[in-house]
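>>> I'd like to go over a predicted model; first the sequence, then the structure.
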Amino acid sequence: MPFFHQDEQLASIAQDILQTTNEKFPTLTRDKIALTWIVYQEPVIVNTGGALSPAEFWKYPIEGFSYRGVERIYPASIVKLFYLVAIQEWFNGNMVAESLELDRAIRDAIVESSNDATSLIMDVLTGTTSGPQLPAQPFETWQKQRNIVNRYFQSLGWSELESINVNQKTWCDGAYGRERAFLGEFMENRNMLTTNAVSRLLHSIIGGVAVSAERSQKMMQLLKRSLDPNDFIDCDGENQITGFIGEGLPADAQIWSKAGWMSRVRHDCAYVEIPNLSPYLLTIFTEGKENARNKKIIPFISNAIAQAVKLLLK
C-alpha cells in the first residue's frame with residue numbers, strides 16, 4: 001500500500017499548478033515532469049527528533065498528491081539520498097566502521113553533491129571498486145556485490161521501492177571499464193527512481209525512523225540548507241538552492257533537501273517548514289535538455305506550492 005492517501009483538495013491545487021507551469025514553460029510537457037506532494041496536518045509527526053516509534057509513525061494517515069509518481073526516471077544525484085540511508089544502516093549494524101575520511105565523504109556527497117565522494121561510499125557499501133573490465137566469473141560476483149544496496153531497500157517491503165534501481169555510481173564525465181559494462185549496452189541498468197519512492201524515503205528520515213532516531217537526526221543535519229545567498233555562493237554557480245525548491249521559498253522558511261541535475265534532468269526533493277503554515281514534503285523531477293537547463297521551472301512550482309499551502313488554512 002502507498003504510504004499516503006490521495007487528497008482531493010491537494011490534487012485540485014496541484015493540477016492547477018501543473019497546468020499553469022506548462023503554460024509558462026511550454027517545453028515542460030506533461031510527460032516531462034513527475035511530482036509528489038505531502039502536507040503534514042496536525043498532529044505533525046515529522047521533525048520531532050524521533051519521538052515516535054516506527055510502529056507508531058507508520059500508523060499515522062498522511063495526505064498527499066502525486067502526478068506520475070510511479071514513473072521510473074533517471075535520478076542524477078537524488079540517488080545519494082539512498083546511499084546516505086544505506087551507509088547509516090551499515091554503520092548501525094556494524095557492517096562497516098565509521099572513520100573521519102568516510103564521514104568527510106558522506107558530508108561532501110550530500111552537502112556538496114560530490115560524485116567523487118559518492119564513489120567512495122559506494123565502494124564501502126558494496127565491497128567493490130571501479131577499474132578495468134573483468135572476466136565473466138569475477139564480473140558476475142562483482143555485480144552481485146554491487147546489488148547489495150538494492151537488496152537492502154527491497155528488504156524494507158515498501159511498495160514504492162519495488163521498481164527502483166540504486167546500484168550505480170554517479171559520474172561527471174561518465175562510466176568506464178567495468179562500470180560501463182555494468183550499465184549495459186543501452187544503459188538499461190542505470191539508476192532509476194520515482195518521486196513516490198524518494199518521498200517515502202525522505203518521509204522516513206524526517207520522521208526519525210530511517211535506521212534509527214539518532215541516525216535520522218544525523219541525516220537531517222546533512223540535508224539542512226541555508227536560504228541566505230551568502231551561504232551558497234560557489235565557484236561554478238551550481239548549488240542546491242538556486243534553480244531548485246529553496247529558491248521559491250520565503251526567506252523565513254526552513255528546508256532540508258537533496259537536489260540532482262545533469263544535462264537531461266533537473267530534480268529536487270525537500271521537506272519545508274514555513275512559519276504558521278503546515279509543513280510539507282515536495283519532490284519534483286523534470287526531464288528534457290531544455291528543462292534541465294532552465295533554472296526557473298522548479299522555483300516557480302515551489303513558490304506556487306508555498307502560496308497554495310497558505311490557502312489550506314482557510
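Alright, I've got the coordinates.
>>> report the distance from stretch 191-206 to the chain centre.
6 Å (Cα atoms, centre = their mean, to the nearest Å).
>>> wait, stretch 267-276
In this view, stretch 267-276 has its centroid 13 Å away from the chain centroid, taken as Cα atoms, centre = their mean.
>>> cool, and stretch 159-171?
11 Å.
>>> buried ones in that stretch?
By 16 or more other Cβ atoms under 10 Å, the buried positions in stretch 159-171 come out as 160-161, 164-171. Any C-beta I mention is one placed from the backbone N, CA and C, and that applies to glycine too.
>>> so can I have a markdown table of the residues you listed showing distance to residue 54, pLDDT and secondary structure?
As requested, these are exported to a markdown table (distance: Cβ to Cβ, whole Å; pLDDT from 0 to 100; DSSP: H, G, I helix; E, B strand; the rest coil):
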| residue | distance to residue 54 | pLDDT | secondary structure |
| --- | --- | --- | --- |
| 160 | 16 | 98 | helix |
| 161 | 16 | 98 | helix |
| 164 | 21 | 98 | coil |
| 165 | 25 | 98 | strand |
| 166 | 21 | 98 | coil |
| 167 | 26 | 98 | coil |
| 168 | 29 | 98 | coil |
| 169 | 30 | 98 | coil |
| 170 | 29 | 97 | coil |
| 171 | 35 | 96 | coil |
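>>> three-state assignment of the residue nearest the centre of the chain?
Centroid-nearest residue in the chain: residue 78, 4.1 Å away (criterion: Cα atoms, centre = their mean). Following DSSP: H, G, I helix; E, B strand; the rest coil, we place residue 78 in the helix state.
>>> just confirm it contacts residue 266, I think it does.
No. Contact between residue 78 and residue 266 fails when scored by Cβ atoms under 8 Å: they sit 10.5 Å apart.
>>> what is in contact with these two at once?
residue 260 (Cβ atoms under 8 Å, 6 or more residues apart in numbering).
>>> on that earlier part again, what's the closest of the buried residues of stretch 159-171 to residue 185?
Comparing these against residue 185 with Cβ to Cβ places residue 168 closest, at 14.8 Å.
>>> what's around the closest residue to that closest one other than its chain neighbours, how many residues?
By the measure of Cβ to Cβ, 6 or more residues apart in numbering, the closest residue to residue 168 outside its immediate chain neighbours is residue 191, 4.7 Å from it. Using other Cβ atoms under 10 Å, residue 191 has 22 other residues around it.
>>> the stretch 101-250 of the chain: strands as residue ranges?
Assigned by DSSP state E, counting those that start in this stretch, the strands in the stretch 101-250 of the chain fall at 224-225.
>>> can you pull out the low-pLDDT segments for it?
In the predicted model of the stretch 101-250 of the chain, residues 232-237 satisfy pLDDT under 70.
>>> at 80 what do you get?
Applying pLDDT under 80 to the stretch 101-250 of the chain flags the ranges 230-238.
>>> all helices of it, in order?
Taking DSSP state H, counting those that start in this stretch to define them, one finds helices in the stretch 101-250 of the chain at 115-126, 136-146, 148-155, 178-183, 195-206, 213-223.
>>> nearest to residue 69, of these?
Evaluated with Cβ to Cβ, the helices of the stretch 101-250 of the chain place helix 195-206 nearest to residue 69, the distance being 4.0 Å.
>>> the closest one to helix 213-223, inter-axis angle?
Counting by axes from the mean of the first three to the mean of the last three Cα atoms, to 10 degrees, helix 195-206 points 110 degrees away from the direction of helix 213-223.
>>> list the helices and strands helix 195-206 packs on?
Helix 195-206 sits against strand 33-39, strand 63-67, helix 80-92, helix 213-223, strand 265-273, strand 280-287, with contacts defined as 3 or more Cβ pairs under 8 Å, 6 or more residues apart in numbering; DSSP states H and E.
>>> would you turn the ones you listed into CSV with distance to residue 204 and mean neighbour count?
CSV is the format used below for the helices and strands packed on helix 195-206 (distance: least, Cβ to Cβ, whole Å; neighbours: other Cβ atoms under 10 Å):
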stretch, distance to residue 204, mean neighbour count
strand 33-39, 12, 25
strand 63-67, 14, 21
helix 80-92, 8, 22
helix 213-223, 8, 18
strand 265-273, 11, 25
strand 280-287, 11, 26
